[in-house]
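J.: One predicted model, sequence on top.
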Amino acid sequence: MTAAERRAAELRRLLNHAIRAYYVLDAPEISDAEYDRLFRELQSLETQQPELKTADSPTQRVGAEPAAQFTKHKHLVPMLSLGNAFTDDELTAWNERLARTLDRAVVPGGYCVELKIDGAAVSLTYRDGVLAVGATRGNGSIGEDVTGNLRTVRDIPLRLTGDDVPPLIEIRGEVYLPFDSFEKMNEERVAAGEPVFANPRNSAAGSLRQLDPALTARRPLRFFGYAVALPAETPLPFKSQWDLLETLSRWGLPVAPHRRRCASLEEVHAHAHAVEHKIRGELNFGIDGLVAKADLLRVQDEAGDVGGREPRWAIARKFAPDIAETKLLDIRVNVGRTGTLNPYAMLEPVEIGGTIVKLATLHNEELVHRKDLRVGDTVQVKRAGEVIPQIIGPIPEKRTGDETPWHMPDRCPACDTPVERDEEEVAIYCPNPACPGRRLEGLVHYTSRGAMDIRGLSYMRIHQLVEAGLVEDAADLYALTAEQLEAQERLAEKSAQQLVQAIAVSKEQPLSRLLFALGIHHVGAAAAELLARHFGNLDHLMQAGEEAVGEIRGIGPVIAESVVRYFSDPRGRALIEKLRAAGLNFTEPASAPAEGPLLGKTFVLTGTLPTLSRADATRRITAAGGTVTGSVSKKTTALVAGDEPGTKLDKAKQLGVEIWTETDLLQRLGNAS
Ligand code: IVH
């Protein structure tokens, strides 16, 4: 071997290893820059000495020339499709049929259950471990040779690793497009004035059939393997479907997560429910069900297939679709308590997975434009688990020309004040603190559990009181009488009295809660707690300048500025005086614990915790001597992460900060008492 040959082989190995770490294991080992450097070195070696190019060289992923048309590829063994079971009963019936075929009471060896990936089926032929052909499923027997395109799929290895790879093998699996890539791709298409794709599956299938691999290369396609085909004379290198998946993974092929070996059909049912109702909502790619397979290959062999179409030993347990098509009737705007205008979609009611959906969130104006949503569009709506329904995007082919683009109104829909744009936050907001839209949301926040915690004041009740002209600001709540409340619709005498009582009790809440309840921009429960503990009473805080406020550990300049601005605004001061006159407590009990299990420790919260609200978690941590701050730094003791954590989680991982669940937190707190 010449030095150049050795170096080229080394570079191929390093690059292929890096690709696998990045795409398959999701654990990058080298930086993008380092990757590019190695890649370019290999490229230039190959340009100088073209004989160094090999089929498994990562430079060859995008190398193929555009095809005039695809050639046919005959599959080694036909690619079968699957029968469907739409309900538990249908799954049970399949199982009984299978057991009868096998002439057994139960299916020996149990089941291997996998996600059913909603993508495009492909077959990859590896000769001596090197990717030789990649083909679409076609009619099952003959597909199209799309090797050039499949080589661009980064997580399809160009060479398999392992000394037990058979000399000739076809790996079957699914090419798919992750949701985040799909959205990003569509955003880029909107920006470039190109039509958007309707859904990830269509765009994956379409991308595979691009004649120019350079175009396919721009689509971030991914792959999961789930089956193999071998020449008749080759003995099977595994005994069960489970082993097959493990082996594929060992050879360097990505295998879908959440696979499970089930001993009984009951376990299969249970796993299907868990995946449909929980796991599905957490995945970054589409699935349309599960595939249950008899695990033992000898059982599969014994069961055979039906007319060469569907195996008897496997079935697709389909889920109700979590995506539906409907009409976007209107885009409306809601005013949040800090004044931000939030657009939301009014939809023609549509059933998605058993629930009727009429509304979907749109977050902000930018998102509406990014997705090129127009009023009157036919749209795809996705609902997963408990999350608020989301609009995936419009279906441009269904446009009639009557659709109208939408813009954020220039004036607040609740008070007609001209809106303002917040440069940094991309938000559009109503600057009028007396805006009735803001006021309603502000009151809802004021009374909420984490703030003044006034039980019995629901959103609808507050709305009613505002409409009746009884309440304009938070201080008005304290002037409400039982008689006034009783005069309201649907409020009985007893509940009216209870409500007056609950409002009165809230006067005693500590300053930290009041500060949070006021809804000062940027002041969350944690900041409110720090401010209250530091100043002890509201008058001290109101007299403090920006510098004094900003000096508190955990309070940054943005919060300090916002706090001082609030209290120097005559409207802010007027509300405070009204609250003082109503007899509210303006002090914080000097309870800063000089001990506690979390003394001297600093925490950051992210995501939704399973049981504790943000405010509760903050309170418990501070009561145990800890501090809660807004951003992760090296000094952070731990990040307490819940569902849908934000970027703070990445930051914590980067800095090596400990990550706790709510349970971890409760345990540490509990150990003390
Ligand atoms: S096994 C002989 N496993 O679903 C067994 N198929 O509706 C054939 N699919 O054509 C397929 N995920 O394209 C199998 N984990 C999985 C799958 C899967 C997705 C696709 C496949 C098949 C189609 C049938």
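T.: Everything's here; your move. Note that this is a predicted model, so its numbers are computed, not measured.
J.: which residues are contacting the strand or helix carrying Ala204?
T.: Under the criterion of DSSP states H and E, Ala204 resides in helix 200-208. Applying CB atoms under 8 Å, 6 or more residues apart in numbering, the external contacts of helix 200-208 come out as 118-120, 122, 136, 146, 149-150, 175-179, 182, 185, 197, 215-216, 219, 221, 285-286. Every residue, glycine included, has its C-beta placed from N, CA and C.
J.: repeat that for 7 Å
T.: Here helix 200-208 makes contact (CB atoms under 7 Å, 6 or more residues apart in numbering) with 118-120, 136, 146, 149, 175-177, 179, 182, 197, 216, 219, 221, 286.
J.: Which one of the residues you listed sits in the busiest neighbourhood?
T.: Asn149 (30 neighbours; other CB atoms under 10 Å).
J.: Sitting in strands, which of the contacts of helix 200-208 do you find?
T.: Ala120, Thr136, Val175, Tyr176 (DSSP state E).
J.: how much space between the second one and Glu144?
T.: Note on Thr136: its distance to Glu144, by CB to CB, to the nearest Å, is 5 Å.
J.: what's the answer for the first one, then?
T.: Distance, Ala120 to Glu144, using CB to CB: 11 Å.
J.: got any residues that touch both of those two?
T.: Common neighbours of Ala120 and Glu144, counting by CB under 7 Å, 6+ apart, are Thr136.
J.: partner residues bridging the residue in the stretch 1-150 of the chain that the ligand sits nearest to?
T.: Closest residue of the stretch 1-150 of the chain to the ligand, CB to the nearest ligand atom: Ala121 (3.2 Å). Following DSSP bridges, Ala121 is listed with bridge partners Glu174.
J.: Check whether it really touches Tyr176, as I assumed.
T.: No. With contact defined as CB atoms under 7 Å, Ala121 and Tyr176 do not form a contacting pair (10.4 Å).
J.: just to revisit the earlier point, mind picking the two most distant members of the ones in strands among the contacts of helix 200-208?
T.: Within the ones in strands among the contacts of helix 200-208, Thr136 and Tyr176 form the most distant pair, 13.8 Å apart (CB to CB).
J.: shared neighbours, these two?
T.: Common neighbours of Thr136 and Tyr176 (CB under 7 Å, 6+ apart) do not exist.
J.: In contact with the residue of the stretch 1-150 of the chain closest to the ligand: list those residues for me.
T.: With CB under 7 Å, 6+ apart, Ala121 has these contacts: Met79, Arg137, Arg172, Glu174.
J.: ok, now Ala574?
T.: Ala574 neighbours (CB under 7 Å, 6+ apart): none.
J.: can you confirm it is in a strand?
T.: No. Read with DSSP: H, G, I helix; E, B strand; the rest coil, Ala574 is helix and lies in no strand.
J.: I'd like to know how many residues surround Glu188.
T.: The burial count for Glu188: 13, using other CB under 10 Å.
J.: Tabulate the CA atom coordinates of the helix or strand containing it in CSV.
T.: Here Glu188, judged by DSSP H and E, is contained in helix 179-191. In CSV, the C-alpha atoms belonging to helix 179-191 read as follows (Å, rounded to 0.1, in the frame of the first residue of the first chain):
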residue,chain,number,x,y,z
PHE,A,179,-40.6,16.4,11.5
ASP,A,180,-38.1,19.2,12.3
SER,A,181,-36.3,18.7,9.0
PHE,A,182,-39.6,18.7,7.2
GLU,A,183,-40.6,22.0,8.7
LYS,A,184,-37.3,23.5,8.1
MET,A,185,-37.3,22.4,4.5
ASN,A,186,-40.7,23.8,3.9
GLU,A,187,-39.7,27.1,5.5
GLU,A,188,-36.8,27.3,3.1
ARG,A,189,-39.1,26.5,0.2
VAL,A,190,-41.4,29.3,1.2
ALA,A,191,-38.5,31.7,1.4
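J.: Which other helices and strands does it contact?
T.: Applying 3 or more CB pairs under 7 Å, 6 or more residues apart in numbering; DSSP states H and E, one finds that helix 179-191 makes contact with helix 200-208.
J.: for the helix it packs on, which positions count as buried?
T.: Pro200, Arg201, Ser203, Ala204, Ala205, Ser207, Leu208 (16 or more other CB atoms under 10 Å).
J.: Find the least confident helix or strand in the protein, judged by mean pLDDT.
T.: helix 213-217 (a mean of 76; mean pLDDT, DSSP states H and E).
J.: Arg553: what's it in contact with?
T.: Thr627.
J.: From Val379, how far out is Leu373?
T.: 7 Å.
J.: Now for the two: what residues contact both?
T.: Leu328, Ile391, Pro394.
J.: Could you provide those in JSON lines, with additional columns for secondary structure, neighbour count and distance to Leu168?
T.: Shown next, in JSON lines, are the shared contacts of Leu373 and Val379 (DSSP: H, G, I helix; E, B strand; the rest coil; neighbours: other CB atoms under 10 Å; distance: CB to CB, whole Å):
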{"residue": "Leu328", "secondary structure": "strand", "neighbour count": "23", "distance to Leu168": "51"}
{"residue": "Ile391", "secondary structure": "strand", "neighbour count": "22", "distance to Leu168": "47"}
{"residue": "Pro394", "secondary structure": "strand", "neighbour count": "23", "distance to Leu168": "46"}
